[in-house]
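K.L.:
Dropping the sequence and predicted coords here.
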Amino acid sequence: MLNRGTDGPESVDYPDHAHAVSEDVSSEQAELGILICGSANGVAMTANKHSNVRAAIAWTPEIAELARQHNNANILCIPARFVSEQTAIAMVDAFFSSQFEGGRHARRVSKIACMALTLLVGMPFAMRGQKENVGSYPQIHNTHLDTTQMHLHLSVLASDGFEGRETGQPGQKRAAMYLEAYYQNIGFEACNGGSFFQDVPLVDTQIFGGWVEVEGDTLALIDDFLLYPGLEVLQLESKPMWFLGYGIQEGKAWNNYKKFKKGGVAIVREGEPLNSEGKSFLTEDGSESSWAKSLNQKREVAADFGASAVVVALEDAEFDMRKSRMRRWILRKSTSLNAAVDGDGSDIPTFFVRASVVDAWLEGSKAGSLAEHLTQVSKGKASKPVLLKKPFSMAIDQRRFPYEAENVLAFLEGGDPDLKDEVLVITSHYDHVGIIEDEIYNGADDDGSGTVTVMELARQFQKLYQKGMKPRRSVLFMNVVGEEKGLLGSQHYVENPIFPLENTVANLNVDMIGRVDEAHAKDENYVYLIGSDKLSTALHELSEEANRTSVQLALDYTFNEPDDPNRYYYRSDHYNFAKNNIPVIFYFTGVHEDYHQPGDDVEKIRFTKMSKIGKLIFHTAWDIANRDERPAVDKVNDFPSDR
């Protein structure tokens, strides 16, 4: 055995070592060679420059074995970024123990060699006579997505070595580097200040406990009080408490805040004042008002009046029911963008306690009790604020863990000088849910299927581009992170776009297209489309036409209605584009028994079906990128954007 590498951690110039190993194999000093390097793309290209060398990149022992058996590979290139030491050793064992099977494989290897020679000889002449064209070509109709390529990449990304690709975890980082290496290898250049990444600042927040104290009486978090997580204020010391009835300020008609003093803690009831017939005093017809429907309205008013916190009194039975429902939500780790939050709403600390606890606080005050307050209110008159002579203190053990994750971007500049500043964005999310209770959730369908489809779409566009067939508009292929945490990667992009949103003509989003749902168990020739007709008539019509002239899938619009109880429109990354008035199409084939389960594996993916949907996306994208006019926004979206 010849060792052409190093035995220490020092940095080396990889071509020197790749050439040395390749020379050993080419000159038959060694039968087989092993090269281990970052993404392995560079060493593979270096090795294949040598005569009689057939270098193959592999990510699993199975692929290493196939490279030897079917391709007669004699140098195995291992991407150190993407495989563990244990996997690498298994790959070497598989490669060394396999034999070339010859026969039809020998004929295929011979064909590949002849084709390569023909291409190399013919390319200068072909390139010499080739004109730079832009727009429409007959060859476009014959574009097919390669299921072998898609299967290969999904077998890697959805393997155990990527540990479920949870945002911020090592598996997600490996996936980001894999995507970076892929786009670089197929000819893309970095588009974001020399990087294929857009860093997404995130923070994990988790509550580990807390207490509230009122005049020596201590309440424990969960057992005695609940709260809205994500607090900005974690401590209050001896704040005055005010009982404000329902906590409503509705002009002169109803005002619970007269003489309330800034800095106090607002204690309020749920709901709204009702008469003896159970009708609201706040509406002309007695119907339920917005105050009864939304606690946020009461929180915002309290914040406007300078309250330091809101405490909501719940009937004891209602508190116990919410406790069982909210416990996990309060104590779980939550992820958000690590940035200032703009927009409506209030971040005022909000607590929930039992009505019996509030009654004890009211004892001896002018309010008397909640029952007495109810009697007073039933007469149709707003109660005045009551200052309680009992200070309120609290402390919450909430911890923040900031970090960064990465959106991955591959940008193809358009060929039309007048249109290349306009950008079509094609997205998938490459993150998944990681490891849960020691089980790896590989997320082959969610959203490995969308991710490898976007990868293959990028490859097809790049192949055409390199042959001079350029789209008129630019295309951004983007694999976003943090979708499973709340669409965070795409949210960060639209709030910090690499290319201006006003120049973004549409978003095509691909999420879970590799399986079938129960409604289509007997026919996989379908795809759900969501959002295509919500902002742009032109986008919907060209989508239908692209399907009619290419793959003739059954386009299912079941989930395209605002009253859809599944609310899929709000649950993938296209939503962040749509709420910015950018036309979108969401491609989806529905949920199945392995959705967010450890059984979502590569073996269950239907690659032929997936490639057919990918072809529809390709033709839709090509049309958008090449038509004279961008899809006009001519409709008012009937999906509200405040969800």
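P.N.:
Done, it's in. Numbering: from 1, shown residues only.
K.L.:
Quick one: residues in contact with stretch 207-214.
P.N.:
The contact list for stretch 207-214 (CB atoms under 8 Å, 6 or more residues apart in numbering) reads 218-221, 224-225, 227, 229, 241, 330-331, 351, 353, 361, 390-399. The C-beta positions use only the backbone N, C-alpha and C, and glycine is treated the same way.
K.L.:
got the buried residues for that stretch?
P.N.:
By neighbour count with 16 or more other CB atoms under 10 Å, stretch 207-214 contains the buried residues Ile207, Gly210, Val212, Glu213, Val214.
K.L.:
Most widely separated two among those residues?
P.N.:
Using CB to CB, those reach their maximum pairwise distance at Ile207 and Val214, which is 20.3 Å.
K.L.:
Give me the domain ranges for this protein.
P.N.:
According to automatic domain parsing, the chain comprises the domains 14-99, 152-201+404-626, 204-400.
K.L.:
Of all those domains, which one comes closest to Gly8?
P.N.:
The closest of the domains of the chain to Gly8 is domain 14-99. By CB to CB, the value is 13.5 Å.
K.L.:
could the domains of the chain go into a markdown table alongside mean pLDDT and distance to Asp638?
P.N.:
Shown next, in a markdown table, are the domains of the chain (pLDDT from 0 to 100; distance: least, CB to CB, whole Å):
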| stretch | mean pLDDT | distance to Asp638 |
| --- | --- | --- |
| domain 14-99 | 89 | 44 |
| domain 152-201+404-626 | 97 | 5 |
| domain 204-400 | 93 | 21 |
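K.L.:
Distance to His141 added to those, as TSV?
P.N.:
As requested, those are arranged in TSV below (distance: least, CB to CB, whole Å):
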stretch	distance to His141
domain 14-99	31
domain 152-201+404-626	7
domain 204-400	42
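K.L.:
ok, back up a step: generate CSV for the buried residues of stretch 207-214, with distance to Asp320 and secondary structure as supplementary columns.
P.N.:
CSV is the format used below for the buried residues of stretch 207-214 (distance: CB to CB, whole Å; DSSP: H, G, I helix; E, B strand; the rest coil):
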residue, distance to Asp320, secondary structure
Ile207, 20, strand
Gly210, 19, strand
Val212, 17, strand
Glu213, 22, strand
Val214, 20, strand
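K.L.:
just the buried members of the contacts of stretch 207-214?
P.N.:
Among these, those classed as buried by 16+ other CB under 10 Å are 219, 221, 224-225, 227, 229, 241, 330, 351, 353, 361, 390, 392-394, 396, 398.
K.L.:
now, which of those lie within helices?
P.N.:
Here DSSP state H is the test, and the buried ones among the contacts of stretch 207-214 give Ile330, Trp361 as lying in helices.
K.L.:
For Val268, what are phi and psi?
P.N.:
Note on Val268: its backbone torsions stand at phi -130, psi 160 [degrees, to the nearest 10].
K.L.:
For the chain, which residue occupies the most central location?
P.N.:
The chain has Glu483 as the residue nearest its centroid, 1.9 Å off, counting by CA atoms, centre = their mean.
K.L.:
Mind jotting down where the helices sit in the stretch 301-450 of the chain?
P.N.:
Secondary structure of the stretch 301-450 of the chain (DSSP state H, counting those that start in this stretch): helices located at 316-331, 355-362, 370-377, 450-466.
K.L.:
and the ones you listed, which is most packed in?
P.N.:
Using mean count of other CB atoms under 10 Å, the stretch among these with the largest mean neighbour count is helix 450-466, at a mean of 23.
K.L.:
closest one to His144 among the domains of the chain?
P.N.:
Nearest of these (CB to CB): domain 152-201+404-626, 6.3 Å.
K.L.:
Next, the distance between the ends of the closest one.
P.N.:
With CA to CA, to the nearest Å as the measure, domain 152-201+404-626 spans 31 Å from end to end.
K.L.:
Return the distance of it from the chain's centre.
P.N.:
Distance of domain 152-201+404-626 from its chain centroid, counting by CA atoms, centre = their mean, to the nearest Å, is 10 Å.
K.L.:
go on, stretch 223-238?
P.N.:
30 Å.
K.L.:
Can I get that stretch as PDB, trimmed to CA atoms?
P.N.:
Extracted in PDB, the C-alpha atoms of stretch 223-238 (Å, rounded to 0.1, in the frame of the first residue of the first chain):
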ATOM      1  CA  ASP A 223     -49.100  24.600  38.300                       C
ATOM      2  CA  ASP A 224     -50.400  28.000  39.300                       C
ATOM      3  CA  PHE A 225     -50.000  30.300  36.300                       C
ATOM      4  CA  LEU A 226     -49.400  30.100  32.500                       C
ATOM      5  CA  LEU A 227     -47.900  32.600  30.100                       C
ATOM      6  CA  TYR A 228     -47.200  33.500  26.500                       C
ATOM      7  CA  PRO A 229     -43.600  32.400  25.800                       C
ATOM      8  CA  GLY A 230     -41.100  34.700  24.000                       C
ATOM      9  CA  LEU A 231     -41.000  37.300  26.700                       C
ATOM     10  CA  GLU A 232     -38.900  40.400  26.400                       C
ATOM     11  CA  VAL A 233     -39.300  41.300  30.100                       C
ATOM     12  CA  LEU A 234     -38.200  38.500  32.400                       C
ATOM     13  CA  GLN A 235     -38.500  40.300  35.800                       C
ATOM     14  CA  LEU A 236     -40.800  42.700  37.500                       C
ATOM     15  CA  GLU A 237     -40.400  43.900  41.100                       C
ATOM     16  CA  SER A 238     -43.200  45.200  43.400                       C
END
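K.L.:
neighbouring contacts of it?
P.N.:
Contacts for stretch 223-238 (CB under 8 Å, 6+ apart): 205, 207, 210, 212, 219, 221, 265, 308-309, 319, 322-323, 326, 329-330, 334, 336, 347, 349-354, 357, 391-398.
K.L.:
What residues of it count as buried?
P.N.:
Per 16+ other CB under 10 Å, stretch 223-238 contains these buried residues: Asp224, Phe225, Leu226, Leu227, Tyr228, Pro229, Leu231, Leu236.
K.L.:
What of stretch 163-172?
P.N.:
Glu163, Gly164, Arg165, Glu166, Thr167, Gly168, Gln169, Gly171, Gln172.
K.L.:
Compile the residues you listed into a markdown table and extend it with columns for secondary structure and distance to Ser641.
P.N.:
Converted to a markdown table, those look like this (DSSP: H, G, I helix; E, B strand; the rest coil; distance: CB to CB, whole Å):
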| residue | secondary structure | distance to Ser641 |
| --- | --- | --- |
| Glu163 | helix | 35 |
| Gly164 | helix | 31 |
| Arg165 | helix | 29 |
| Glu166 | strand | 28 |
| Thr167 | coil | 24 |
| Gly168 | coil | 28 |
| Gln169 | coil | 31 |
| Gly171 | helix | 33 |
| Gln172 | helix | 28 |
